[in-house]
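A.B. asks: With the sequence up front, the predicted model follows.
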Amino acid sequence: MPEKQGIIRNEDGTFPKGVSGNPAGRPKGPTLKEWVRRRLLEMTDEERKEFLKGVPLELQWKMAEGNPAQDLTSGGEKILQIPIYGGQSIQGHDGDAKDIPAQKKD
């Protein structure tokens, strides 16, 4: 089929040296990421608040802070994560809601 389209490829499906699979390059204009960023910057505070109502809190956090760092040093070993609630570490628990201490009322 590639021969019909005039695409030159090696037998293993890769392109030979000096041959591009996308000779025209990326289309002109902003990327989707750039377009969305510009759109969000143009929104009023009220429009942003309304928009964020439909975005999960975890995703809002990632939008603001970026993805959390990934551990690359464990060598594949399971890492014991210690949840922190209210500034206190809860040893030996897996983060279930039942493990969260009740808030003290003043």
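C.D. replies: Yes, it's here. Numbering: from 1, shown residues only.
A.B. asks: Based on its surroundings, how many neighbours for Leu40?
C.D. replies: Burial measure for Leu40: 13 neighbouring residues, criterion other CB atoms under 10 Å. Just so you know, the C-beta spots here come from the backbone N, C-alpha and C atoms, and that holds for glycine as well.
A.B. asks: Could you look up the SS state of it?
C.D. replies: helix (DSSP: H, G, I helix; E, B strand; the rest coil).
A.B. asks: Which of the three states applies to the residue lying closest to it once chain neighbours are set aside?
C.D. replies: In space, and not counting its chain neighbours, Leu40 is closest to Arg48: 6.8 Å by CB to CB, 6 or more residues apart in numbering. Using three-state DSSP, the three-state assignment for Arg48 comes out as helix.
A.B. asks: Start the count at 49 instead of 1 going forward.
C.D. replies: In the new count, where the first residue is 49, that last one comes out as Arg96.
A.B. asks: Count the residues that sit near Arg96.
C.D. replies: By the criterion of other CB under 10 Å, Arg96 has 11 neighbours.
A.B. asks: what's the distance between it and Arg85?
C.D. replies: 13 Å (CB to CB, to the nearest Å).
A.B. asks: try Gln118
C.D. replies: 24 Å.
A.B. asks: Check Thr121 too.
C.D. replies: 33 Å.
A.B. asks: Over to Lys101?
C.D. replies: Using CB to CB, we find Lys101 at a distance of 20 Å from Arg85.
A.B. asks: Looking at Gln118 and Arg85, which one has more neighbours?
C.D. replies: Neighbours per residue (other CB under 10 Å) separate Gln118 from Arg85, with Arg85 holding more: 12 against 5.
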